[in-house]
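Trainee: Quick one, what's the 3D model for this:
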Amino acid sequence: MNKDKIDSASKTVRTGDVLTIGLERRILVLKILALGSRRGPYEEARKLYEDLSPPPPPKDAPPPAAPAQRDAGAGRPTKRERRKIDAFRSGD
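Mentor: The predicted structure is shown next:
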């Protein structure tokens, strides 16, 4: 709220306050224009704030890179490979 991090939702908001809300994959920045007197429909509530959020990234953006793949035999052995190593070492 107004560039200060708050820990609880018990803070009272006033007209002119700017709220920054982090959601799963986007950030909302809302400026409070007026306070509502009752809990009402979305169309009425939408008039009480101004959305200052940055625009979402374009849809034609390249997809994120695939996770790195390790070459076969590199890194830790699998459970099956570990059993084969243990059997080889014990002479079975």
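
Trainee: neighbours of residue 29, just the number please.
Mentor: 13 (other Cβ atoms under 10 Å). C-beta here means a position set from N, CA and C on the backbone, and glycine is covered the same way.

Trainee: I meant residue 18, not that one.
Mentor: By other Cβ under 10 Å, 15 other residues sit near residue 18.

Trainee: Tell me the bridge partners for it.
Mentor: When assigned by DSSP bridges, residue 18 has beta-bridge partners residue 31.

Trainee: Going by residue numbers, what spans are helices in this structure?
Mentor: Ranges of helices within the chain are 42-46, 79-90, based on DSSP state H.

Trainee: For the spatially most central residue of the chain, grab phi and psi.
Mentor: For the chain, the residue sitting closest to the mean C-alpha position, by Cα atoms, centre = their mean, is residue 24 at 3.0 Å. The phi/psi pair for residue 24 (degrees, to the nearest 10) reads phi -50, psi -60.

Trainee: for this protein, what are the low-confidence residue spans?
Mentor: Across the chain, the ranges flagged by pLDDT under 70 are 61, 92.

Trainee: Tell me the residue in it that is farthest from the middle.
Mentor: Most peripheral residue of the chain (Cα atoms, centre = their mean): residue 91, 51.9 Å.

Trainee: rewinding a little: include distance to residue 29 when you put the helices of the chain into a markdown table, please.
Mentor: Formatted as a markdown table, the helices of the chain follow (distance: least, Cβ to Cβ, whole Å):
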| stretch | distance to residue 29 |
| --- | --- |
| helix 42-46 | 15 |
| helix 79-90 | 49 |
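
Trainee: looking at those, which is closest to residue 1?
Mentor: helix 42-46 (18.4 Å; Cβ to Cβ).

Trainee: ok so, going back, measure the residue farthest from the centre of the chain to residue 78 for me?
Mentor: Going from residue 91 to residue 78 by Cβ to Cβ, to the nearest Å gives 22 Å.

Trainee: What of residue 19?
Mentor: For residue 19, the distance to residue 78 - Cβ to Cβ - is 49 Å.

Trainee: go on, residue 34?
Mentor: Note on residue 34: its distance to residue 78, by Cβ to Cβ, is 62 Å.
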